[in-house]
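S.K.: Sequence plus the predicted model coming up.
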Amino acid sequence: MIIVYSLSGILLSFGLYKICLPSGRIATAIRNIHGRRDMSKYLQDALMPAARLITKLFPMSEYRIKRMEADFSRLHMDQSPQDFIGIAIAKSLLLALIGLLFVALGIMWIVLITCVLAILAYFQSVQDIRKRVEAQNREIETELPRLVETLNYHLEDNRDLISFFEKYRSVAGKVLVKELDRLILDMKTGNHEAALRKMDARLGLPSFSALCFILCGVHQGVDQHVSLLVLEQDLRTKERETFRRLMEKRPGRIKAASFILTVVMILMFMVPLIVLIINNLQSTGI
């Protein structure tokens, strides 16, 4: 009977963990079902009163609110940071409270596992936002060297930044396209420099900050050809360094494959040389 209770507790804890924090594939698949709402959405609606009570009891700092608002803006999320954190805490508390039901059964280790899952669910939901933003930043940084190079060629004939961004967005990645659309709209409806600095503040990337400074100079009529060349070289160097660090984090089988490839390359050069030496020795009668 204890084994049955234990298995039931484990399955219940794991199921509640998945409901409180569904995977990206599950959430995407459910959102694509026309006319249906996923269980997580119903759970959020039910926990919203408790979430707002939690945010009143434990208010967030202004710095954290502004940082999360910037992240939510990047991800096009309509939810406020207070509601997001409140719901995340409410889900974790609900999972922990359900785990306490096993105290009556005397299965304390399941209670402990459920509480650990509740804590993990909270931190994973909070960190997921930051990870998605960082993934977008990496994608944008990957495209910046090509953007700078193309911009340098464009400025030789035309110094209109709006026309450049409108043309470049047709070949840009999905993440950069969204940012360029916002930038083009801000540039058309307001000041060019203000639009560039707004995008710089939104992205928070040092590499784009340097590009923003150069573009502001271009808008003022300053010749930035040399600055763009230097920036392009710096971005290329940073890109190679990032790629090198990424390769170092690859699994060991890739390193093993690289070692095998290196040995094969050495043999390709050494075998013909050894054969040549043997033939020469044989021709001389040695």
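M.R.: That came in fine, so what should we check first?
S.K.: Name the residue closest to the centre of the protein, please.
M.R.: residue 135 (1.8 Å; CA atoms, centre = their mean).
S.K.: Next SSE downstream of the helix or strand hosting that residue?
M.R.: In this structure, residue 135 sits in helix 108-154 according to DSSP states H and E. Using DSSP H and E, the next helix or strand after helix 108-154 towards the C-terminus is helix 161-168.
S.K.: Pull the residues that contact that following helix.
M.R.: With contact meaning CB atoms under 8 Å, 6 or more residues apart in numbering, helix 161-168 is reached by 147, 150-151, 154-155, 158, 180, 183-184, 187-188, 192, 215, 218-219. Yep, even glycine has a C-beta here, placed from its N, CA and C like the rest.
S.K.: Just name the closest of those residues to residue 230, please.
M.R.: residue 151 (13.4 Å; CB to CB).
S.K.: Could you tell me how many residues sit around that closest one?
M.R.: By other CB atoms under 10 Å, 21 other residues sit near residue 151.
S.K.: so it touches residue 231, yeah?
M.R.: No: contact criterion CB atoms under 8 Å: residue 151 and residue 231 do not qualify, at 9.6 Å.
S.K.: in the chain, which spans are helices?
M.R.: 2-20, 24-31, 39-57, 62-75, 81-99, 108-154, 161-168, 174-189, 192-203, 206-219, 225-248, 252-283 (DSSP state H).
S.K.: Could you find which two of the contacts of helix 161-168 are furthest from each other?
M.R.: Pairwise distances across the contacts of helix 161-168 (CB to CB) peak at 20.6 Å, for the pair 150 and 188.
S.K.: Show me which of the two is the more surrounded one.
M.R.: Here residue 150 and residue 188 are compared on neighbour count by other CB under 10 Å; more neighbours surround residue 150, at 15 against 11.
S.K.: how close does the closest residue to that one other than its chain neighbours get to residue 188?
M.R.: Using CB to CB, 6 or more residues apart in numbering and skipping residues adjacent in sequence, the residue nearest residue 150 is residue 168, 6.2 Å away. In this structure, residue 168 and residue 188 are 16 Å apart, going by CB to CB, to the nearest Å.
S.K.: and if you look at residue 124?
M.R.: As judged by CB to CB, residue 124 and residue 188 stand 40 Å apart.
S.K.: got it, and residue 265?
M.R.: Taken as CB to CB, the span from residue 265 to residue 188 is 54 Å.
S.K.: low-scoring stretches of the stretch 101-250 of the chain, by residue?
M.R.: For the stretch 101-250 of the chain, applying pLDDT under 70 flags the ranges 247-250.
S.K.: give me the number of residues near the nearest residue to residue 225 once chain neighbours are set aside?
M.R.: Using CB to CB, 6+ apart and skipping the chain neighbours, the partner closest in space to residue 225 is residue 152 (6.6 Å). For residue 152, the neighbour count with other CB under 10 Å is 18.
S.K.: Start at 33, not 1
M.R.: OK, 33 is where the count begins now, so the last one is residue 184.
S.K.: contacting residues around residue 184?
M.R.: So residue 184 contacts 257, 260-261, 264 (CB under 8 Å, 6+ apart).
S.K.: If we only consider the residues you listed, which is nearest to residue 174?
M.R.: Nearest to residue 174 out of the contacts of residue 184 is residue 264 (CB to CB; 13.9 Å).
S.K.: so that closest one makes contact with residue 177?
M.R.: Yes: using CB under 8 Å, residue 264 is in contact with residue 177, at 6.0 Å.
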